[in-house]
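Asker: kindly return the folded structure for what I paste below:
(2 chains)
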Amino acid sequence: MKSHLGNRIAQIVPTLLLVSILVFGLQQLMPGDPAVVLAGEERGDPRVLAQIRAELWLDRSLPLQYLHWIGNVLQGNLGMSWHIGQPVSQLILQKLPVTLQLGGMAFIVAVAIGVPAGVVAAVHRNGFWDYVANAIGLAGLSTPNFWLGIMLILLVSVNLGWLPPSGFVPPTEDWRQSLATTIMPAFVLGNAIAAILMRHTRSAMLTALDADYVRTARAKGLGEFRVIVWHALRNASMPIVTLGALELGTLLSGAVLTEQVFSIPGFGKAIVDAVFNRDYPVVQGVVLVTAFLYVVLNLLADILYVVVNPRLRSG
Amino acid sequence: MRRFLLAAACLLTFSTATQAQTLRIALREDPDILDPTLARSYVGRIVFAGLCDKLFDLNEKLEIVPQLATAYEWADAKTLILHLRQGVVFHNGEKFDAAAVKFSLERHLTMPASFRRSEIGTIDQVEIVDSATVRIVLKAATSPLLAQLTDRAGMMYPPKATEAAGKDFGQRPICSGPFQFVERVAQDRIVLERFPGYWDAKAVHFDKVVYRPMPDSTVLTANLRAGSIDLAERVLPTDVATIEADAKLRIVSSPALGYEGITFNLANGDRSKAPIDQSALLRQAFEAALDRKALVDVVFAGKYQPNAQAISPASPYYIPDIPTGPRDLARAKALVRQSGIPTPIAVSMNVPNTPDRAQLAEVIQAMVREAGFELKINLIEFASSLQAAAQGNFETYLIGWSGRADPDGNLYSFMHTGGGQNDAHYSNPVVDDMLDRARQISDVADRRAAYAKMWQAQRADMPLIYLFSPVNIVGHTAKLTGFRAVPDGMIRLQGLALGK
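Answerer: Okay, here's the model as predicted:
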C-alpha cells in the first residue's frame, strides 16, 4: 500500500509538468493576438504592439516563453495578470478560499441529498420511493444551473427578500452573511451533482443488496438499518467515492454559470474572463492550481479506498 | 417547517443597518488595471470617477468645467496656461501643485505602454510657472487637448508615492478624488472609502463605495430589484420596462457619446476585394436598404437613437442635416443596378458574439436581402474579431465605439489615413485635410464647418455606415438623489446621497 501511495505521489510532478506544457501550448492555438487585445485603441500602431510584445516576452520563441514562465513558477512566481496588473498568485489566493467554500458546501449538499436518496431508491426498488427519488434525480440532472439560479434569486431574494441575491462575504468577515451568500449557489451546484450521485448510489446499492454477504447478515438476524448502512452501503461506497472525488474536482475547478449568476468570484469566472481578455498568465496559473487540486483529490480518493476496502491494505 | 425556514433565513439575512453609508454600484464588466496611464477599459473610467480627480470635468451639456484646474487661457495657439486649485492634497497627504501636474503629464507621455500618449502626444513640454500655474507648450495647435484632460489623461498623481510604486501603482492607486482605494478582489468588488482630506468634502455623502461587476443583465436587474445594489450602469433597453414597473426604482436615460456601425474593408488585404468593399455605390445601396429606426425598435426597445454619423446628438458638433432615414428600398435597388454587379451579392459580416449584436446582424440581414445582398453573418468572439479587423480578415465588421467628448476622438483614428483604428485602411485627402484642420481650430462654428465638409466626402465613399447612438441608461433606487446624467456615462459621486 505504501509503495502504491508513493508511486501516486511521485506521479504528481510529471503530471503537473505535462499539464503546464499542455495549457501553455493549447492557448497558443486560440485566435486573437494578446498584444492586439491589450493595445486596445492603439492596436493600429505597430510600435505599441512591438512594445507590448517585448515587455510580455511575446516576441520570443515559444519554447523560450515556456521556459521563462515555468522557471518563474518553480520559484513560486506565477507572474502578473496582463489585464488587471495584479500578481497571479494574489488572484489565486483571493479566489481559492471562495472556490473551496462554495465547492465544499455544494459537495455537502450533493452527498446529503444524493446518497440517502440513492439508498432509499435501492431499498424500495421499483416502489413508490424509488420513483420519487428517480423523478427528483431526473429533475436535478435536467434543470440548467443558470435557470435554477435565476429562479431562486427571483423567488428567494426578490420576492421573499430572505437571502441576498448575489456576492460573496468571507466567513472571517461575517460567517452568517457568508453562509447567506453561498447557500443558494451551493444548492444550485449541489443539486445537479446530487442527482448523479443518487443514480450511482442506487445502482451500486442494488448490486450490494443482492450479494450473498447481505443475505448472510440478514440470516444472522441483524437489523435492516445495520444491514443496509454497515454492510451494503459500505461495500457500495467504492464507486461513490470515485465519483465523489471526480465531482468534487469539477466543483473546485470553478462553476462558471453559477458563479456568473450569483456574482461569486471563484475560479470559473476568473478563467473565463482571463480567456476572453487573453490574459495568459492567469489562465496558466489557474489551470495549474486546478490540476494540482485534482491530483490531490484523486490521491485522497485512493486513500479513502483503503479505508473503505480493507482488502487493499495488504497490497 | 415554513417557520423554521423563515427563522433560518432571518438569521442569515443581510444586516442593513451597517450599509446606510455605503453606495453599491453594479458595473457591466470587471475593470482592467487601475492605473490611469495604463488603463484601457470604459468601465475602469467609472471607477476612476470616484478615485481620481482630473484637471477638468464635463457637465451635462458637455461643457468643460474646472476640477483640479480652476481656469485656463491660451497664451497663443500652442501655449496653454493652467491655473491650479489651491489646498488640494492627494490620498497619501502629498500636496497637489504645479510639480505634480508636470510629473503626471510626463508620466502619461513617457511611461512605457502608456495608453495616454496618443491622446496628449501633442504636448511638447510642461513648464512650472509657479506652484499654482503651469504652462503647457504644444507641438502644434490642438483643440481636442482640453477634452482629453477631462478624462484619464487629466488624472493627477502624487509624485513621490507614484515614483515609489512604479509599475505596481495600479494595485493600490493613489489620487486626489473624493474616495480612496481600500481593496480590490478581481471579478468581485472594488472598495473605496471616503477621503477626509478631499477639497470638496461637503459634496460627498457616503463613507464607502463598492463597485461590483455583474455582466449578466438579468442578474443585474434582479439585484437592483432585491435592493442589494443601489445603482446600475448601462442597463439594457430591454430591462427598462421591468425596472420602471418597480416603484422602488428609477431609470435615468441620457444620450451617450458612442456609436454602432458597419466598417467596410476598403484596402486592408485580400478580403477587401469583395464587391461591396470595392464599390461605393453598393455601400450606399446597403445603407439605403437599412431602416435604422426599425433596427433600434426591434433590438433595443426603441430606446437608442438612430444616427448616421459618428457624433452623438448630445454634442454641439452633431450635424442634423445628415439623414438617418427613412429606408429607401427603391433607391437601394437602383444603386445596385447602377453598379452593374449581378444579384444576389454575397457579403460577409464579422459580428462579435454578443446576443444584442447577433440580433442586430440578423435584422440587418433581413433588410438588405430585399435590395439584393446575401449577408452571411460570421459570429466571432470579441478578441478574435479585433485581431481579424486589424489583420484585414473581414469584408464588413459590425462594431461600436464608446465615444469621446470631443468629436476628434470619434473620428480621427477611424477615418484619417493611417489612423490607429482605421481597420478599413480608408484614405481620402479631403477627409484627412478636414480632420487635421478641425484639430487646429477651437471655434465651435469653424470646427463644425470643417466636419461638415469632411462628412460630405466621407459619405460619398461610405467606408463606415453608422447605425445608431446608444443611450446611457442608469437604474437606481428611488432613495438615491443627486444623480447627474453626463453623456460620457461616468458616475460622478459628488452630490449623490441616499435618503431613508
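Asker: what element comes up after the helix or strand of chain B with the lowest mean pLDDT heading to the C-terminus?
Answerer: Ranking every helix and strand in chain B by mean pLDDT, DSSP states H and E puts helix B:2-12 at the bottom, with a mean of 48. Toward the C-terminus, helix B:2-12 is succeeded by strand B:22-27 as the next helix or strand (DSSP states H and E).
Asker: how about the residue in the stretch 51-200 of chain B that chain A sits nearest to: what's its closest non-neighbour residue?
Answerer: Closest residue of the stretch 51-200 of chain B to chain A, Cβ to the nearest Cβ: B:D188 (3.3 Å). Placement of C-beta: from N, CA and C, glycine included. Among residues not flanking B:D188 along the chain, A:P265 sits closest, at 3.3 Å (Cβ to Cβ, 6 or more residues apart in numbering or on different chains).
Asker: ok so, going back, please tell me I have it right and the residue of the stretch 51-200 of chain B closest to chain A contacts B:R212.
Answerer: Yes. Judged on Cβ atoms under 8 Å, B:D188 makes contact with B:R212 at a distance of 7.0 Å.
Asker: would you agree B:I311 is in contact with B:I322?
Answerer: No. Counting by Cβ under 8 Å, B:I311 stays clear of B:I322, with 9.1 Å between them.
Asker: the more surrounded of those two?
Answerer: More crowded of B:I311 and B:I322, by other Cβ atoms under 10 Å in any protein chain shown: B:I311, with 23 against 16.
Asker: sorry, back to before: any common contacting residues for B:D188 and B:R212?
Answerer: Shared contacts of B:D188 and B:R212, defined by Cβ atoms under 8 Å, 6 or more residues apart in numbering or on different chains, comprise A:G167, A:S263.
Asker: what are the buried residues along the strand or helix carrying A:G190?
Answerer: Assigned by DSSP H and E, A:G190 falls within helix A:175-209. Across helix A:175-209, burial judged by 16 or more other Cβ atoms under 10 Å in any protein chain shown covers A:177-202, A:204-206, A:208-209.
Asker: look up how far chain A lies from the nearest residue to B:A388 once chain neighbours are set aside.
Answerer: Residue nearest to B:A388 in three dimensions, not counting chain neighbours: B:F394, with 5.3 Å by Cβ to Cβ, 6+ apart. According to Cβ to the nearest Cβ, to the nearest Å, B:F394 and chain A sit 13 Å apart.
Asker: contacts for stretch B:233-253 next, please.
Answerer: B:25-28, B:43, B:46, B:217-218, B:220-221, B:224-225, B:227, B:300-304, B:356, B:471-478, B:480, B:483, B:485, B:489, B:491.
Asker: select only the buried ones of those residues in PyMOL?
Answerer: Buried residues within these, by 16+ other Cβ under 10 Å, are selected in PyMOL with:
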select buried, chain B and resi 25+26+27+28+43+46+217+218+220+221+224+225+227+300+303+304+471+472+473+474+475+476+477+480+485+489+491
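Asker: restrict the contacts of stretch B:233-253 to those near chain A?
Answerer: B:T218, B:R225, B:G227 (Cβ under 8 Å from any Cβ of the partner chain).
Asker: secondary structure added to those residues, as TSV?
Answerer: Formatted as TSV, those follow (DSSP: H, G, I helix; E, B strand; the rest coil):
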residue	secondary structure
B:T218	helix
B:R225	helix
B:G227	coil
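Asker: and of the residues you listed, the nearest to chain A?
Answerer: Distances from chain A to those, taken by Cβ to the nearest Cβ, are shortest for B:R225, at 4.9 Å.
Asker: now do the same contact list for the closest one.
Answerer: A:V158, B:T242, B:I243, B:D246, B:K248, B:L249.
Asker: recalculate using a threshold of 6 Å.
Answerer: Counting by Cβ atoms under 6 Å, 6 or more residues apart in numbering or on different chains, B:R225 makes contact with A:V158, B:D246.
Asker: one more: B:H416?
Answerer: B:D432, B:L435.
Asker: do you know the pLDDT at it?
Answerer: Listed pLDDT for B:H416 reads 94.
Asker: residue contacts, B:K139?
Answerer: B:T122, B:D124.
Asker: about what we covered before: from B:G400, how far off is the residue nearest to B:A388?
Answerer: 15 Å (Cβ to Cβ, to the nearest Å).
Asker: check which helix or strand the residue nearest to B:D188 maps to.
Answerer: Using DSSP H and E, no helix or strand contains A:P265.
Asker: quick one: pLDDT of B:I364?
Answerer: 96.
Asker: show the backbone phi and psi for it.
Answerer: When read as degrees, to the nearest 10, the backbone of B:I364 gives phi -60, psi -40.
Asker: that one: neighbour count?
Answerer: 26.
Asker: B:P144 now?
Answerer: Other residues near B:P144 come to 21 when the count uses other Cβ under 10 Å.
Asker: wait, isn't it in contact with B:D406?
Answerer: Yes. Using Cβ atoms under 6 Å, B:P144 is in contact with B:D406, at 4.1 Å.
Asker: got the contact list for the most centrally placed residue in chain B?
Answerer: The geometric centre of chain B, computed from its C-alpha atoms, lies nearest to B:S402 (Cα atoms, centre = their mean), at 3.2 Å. Counting by Cβ under 6 Å, 6+ apart, B:S402 touches B:Y42, B:G258.
Asker: what pLDDT does it get?
Answerer: With respect to pLDDT, B:S402 has a value of 87.
Asker: low-confidence ranges in chain A?
Answerer: A:1-2, A:40-42, A:44, A:254, A:312-315 (pLDDT under 70).
Asker: what is the neighbour count of B:A289?
Answerer: B:A289 has 23 nearby residues by other Cβ under 10 Å.
Asker: before we move on, back to that, how many neighbours does the residue of the stretch 51-200 of chain B closest to chain A have?
Answerer: B:D188 has 25 nearby residues by other Cβ under 10 Å.
Asker: thought it was touching A:I264?
Answerer: No. Taking contacts as Cβ under 6 Å, B:D188 lies outside contact range of A:I264: 7.9 Å.
Asker: test my guess that B:G420 contacts B:S413.
Answerer: Yes. In this structure, B:G420 is within contact of B:S413 by Cβ under 6 Å, at 4.4 Å.
Asker: state the number of residues packed around residue 210.
Answerer: Answering for chain A, as no chain was given. 11.
Asker: wrong chain, I was asking about chain B
Answerer: 22.
Asker: with A:L26 instead?
Answerer: Counted with other Cβ under 10 Å, A:L26 comes out at 11.
Asker: next structured bit after the helix or strand hosting it?
Answerer: Element membership for A:L26, per DSSP H and E: helix A:2-28. Per DSSP H and E, helix A:2-28 leads on to helix A:34-39 as the next helix or strand towards the C-terminus.
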